[in-house]
Each structure stands twice: as C-alpha cells, then as structure tokens.
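S.K.: Need the 3D shape of this:
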Amino acid sequence: MINNKKDRYPLLMFASIVTLRMLAWLLASKHHFYLMFPLAGLVFLLFAIKHNHLHHKIFKEKWQNRCFEYLMDAFSGTTFSSIQIVHLANHHREGNGRRDWGHTKPFEHLNPFLGLLKYILVTPYRYIQGKRQYLRLRGSKARRTRILRESIALYGAYILMLVYHPWNTLVFILLPNVLAQFLLIGFNYLQHSGCDPQSSYDHARNFTGKWLNALTFNNGYHTAHHLKPHLHWSAYSAYHASIESRIDPKLNINNLLVFLWNLNGETKRAARRREKRKVFYELHQRCEGSAGVSSARRDR
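M.R.: Residues are numbered from 1 along each chain as shown. The predicted structure is shown next:
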C-alpha cells in the first residue's frame, strides 16, 4: 500500500494532526481562540509531510495519492498543484537565484529580523504573480484543469465548513493555515538568506537538531535535499553526514532557537550601529554649521 515502511510515521502524524484540528473545530469555543497558534504549528508540520510527498509519493496507487493530496489540501490551505509549481518548477530549478520567486537577496541588506518580516509579507504576493505567469506561459491544459479541480474542492469544503461553524472555521481552520504558510516562508528565508546560490555545497543553511528533524521529517537537512531532491526523507540524515565536511561549518546549525536568539542579538547590534551613525551625522552637521558661522564672522 505504501512505498516505504518509514512513511508510517508521517501518516500517523498526519492522522493525529487532522484529528486534533477536527476536535478543535467541533468542540472549541470562542474563549479558546489562542489555540490557533499551536494549531498553526501543527499545520507547519503538515507542510513538511506535504513537501516530502511532493518529492517522493507515499502510496503505490495513483488514486490513493490523489485522495491523500486532497486531504492535505483541505488541512493546509494550499492546493497540491500550486505547491508543485512554486516548489518544483521554480525553487528547485532556480535555487534561490534571481529568477526564484522566493529569492532572499533583496531582503538581506536589512537588519535580520526586519528582512525576515518583510520577506514573509512580500513573498506570498511574489509566489502568486510567479504562478500566474508560469500558467500563462507554460501551463498545460491538463495542469490548469487539475488546479481548477483542486481549488473547487478546497474552497468548496471551506464554504461548507463556514456555513456549518463560521467562527470555528475562521479561527481554528483558516487562520492557522495562513499563519503556517507565513512560518513556512520564514523558514525558507532562514534556510537560504546569506548563502551562496552558486556554490555546490554552501547554497543553503542546515538545521541539524534531532528534535526539529524528527518533527519535520528531516527537512532541516536542506543542502542534502537540494542536491538529491528525490531521495527519501529518511535517508537525508545519513547523506548530510557524508557531505558535512564540504559545507561551511557556519551553515550547519544545531539549535534553531539559539540561532534565532543570536539573530535577535545581531538585530540589536545593527540598531545600535544605526543610532551611532545618526548621532555622528548630527554632530558632523552641527560642526559644519558652527564652522560656517565662524567663517562668516571672520569675513566681516
């Protein structure tokens, strides 16, 4: 039924997340609105499953994969065909180059957190524009038909859910989906910002922590993934170990939280540098003004 026995783990994770989301949708009240945040974290994990399935199908039968993809669409808020275009047709071909719709370079000159925030807010629009252009120039009739079919199923399901349970659908289904997409985009920024897209081994940042990769099915080993995108997710840890010596040690991060903390410190240092430059500029302007006044008095 499944291609790899190790895919039992993501399937179990998928079933657990879907169950928790449905329980929240059916049973939670308005007072439990804060649950949207942990639910967004669970949807982020769904995206990891969806990503791996995109590269390496879980089931042997085509109809089983299609059914699974429709379910993933409903609980992640994105159609499978759209992800194929954005991730496979664009990101893996362009590799964070200038033609990558998620290119990080335009945001790297800003302080780290401001760059990350701006990237998260701007990139969804760039994805939409890029996908439209792709479909207009290279999209086949079959691909357009499939996207239309998936979109009708996705938005039709949401309309029915909104009619039955409007508040809970908004707070426990739709908003977590949107927040998770922001998390996903932000994670892509962390994996590529400051890296060299032309390098064979330093084109991505790797988060090698065991817990993170256990929860995201080895999606932290990003260099290995770009080098061998069709490798099964369970093999990425071993493959990363075989190429680790060729990767800049600064791009292998053991702890994501420590990395974010250091990023926060870097942001604060950048702010202090800007403040010092501002003070220096103001003093320079005053000195020039004083020199001008003194010169005018001597001329008299």
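
S.K.: Beta-bridge partners for Phe207, please?
M.R.: The partner list for Phe207 in beta bridges (DSSP bridges) reads Ile253.

S.K.: Quick check: Leu162 touching Asn168?
M.R.: No. Taking CB atoms under 8 Å as the contact criterion, Leu162 and Asn168 are not neighbours in contact, 9.5 Å apart. All C-beta atoms are positioned from the backbone trio N, CA, C, and that covers glycine.

S.K.: okay, those two: which has more neighbours?
M.R.: When neighbours are counted by other CB atoms under 10 Å, Leu162 and Asn168 differ, and Asn168 comes out ahead with 21 against 15.

S.K.: I'd assumed that one was in a strand, is it?
M.R.: No. Residue assignment for Asn168, taken from DSSP: H, G, I helix; E, B strand; the rest coil, gives helix, which places it outside any strand.

S.K.: my read: it touches Ala28, true?
M.R.: Yes. With contact defined as CB under 8 Å, Asn168 counts as touching Ala28 (6.3 Å).

S.K.: Mean confidence (pLDDT) on the helix or strand hosting Ser151, please.
M.R.: Using DSSP states H and E, Ser151 sits within helix 141-164. Averaged across helix 141-164, the pLDDT comes to 94.

S.K.: Touching it from outside, list them.
M.R.: Residues outside helix 141-164 that contact it (CB atoms under 8 Å, 6 or more residues apart in numbering): 25, 69-70, 73-74, 77, 79-82, 135, 169-170, 173-174.

S.K.: Quickly check the residues you listed for the two that are furthest apart.
M.R.: When CB to CB is used, the two most widely separated members of these are Trp25 and Leu135, lying 32.0 Å apart.

S.K.: Quick one: the helices in the stretch 201-300 of the chain, in order.
M.R.: 210-216, 222-227, 236-243, 256-299 (DSSP state H, counting those that start in this stretch).

S.K.: Can you name every helix or strand that the second one contacts?
M.R.: Spelled out, it's helix 222-227. With contacts defined as 3 or more CB pairs under 8 Å, 6 or more residues apart in numbering; DSSP states H and E, helix 222-227 has these neighbours: strand 206-207, helix 236-243.

S.K.: Can I get the longest one in CSV? Just the C-alpha atoms.
M.R.: Which is helix 236-243. Once side chains and other backbone atoms are set aside, the C-alpha atoms of helix 236-243 remain, and they are given as CSV (Å, rounded to 0.1, in the frame of the first residue of the first chain):
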residue,chain,number,x,y,z
TYR,A,236,18.7,12.7,4.4
SER,A,237,20.4,12.5,7.8
ALA,A,238,23.0,9.9,6.5
TYR,A,239,23.5,11.8,3.3
HIS,A,240,24.1,15.0,5.1
ALA,A,241,26.7,13.3,7.3
SER,A,242,28.5,12.2,4.1
ILE,A,243,28.8,15.7,2.8
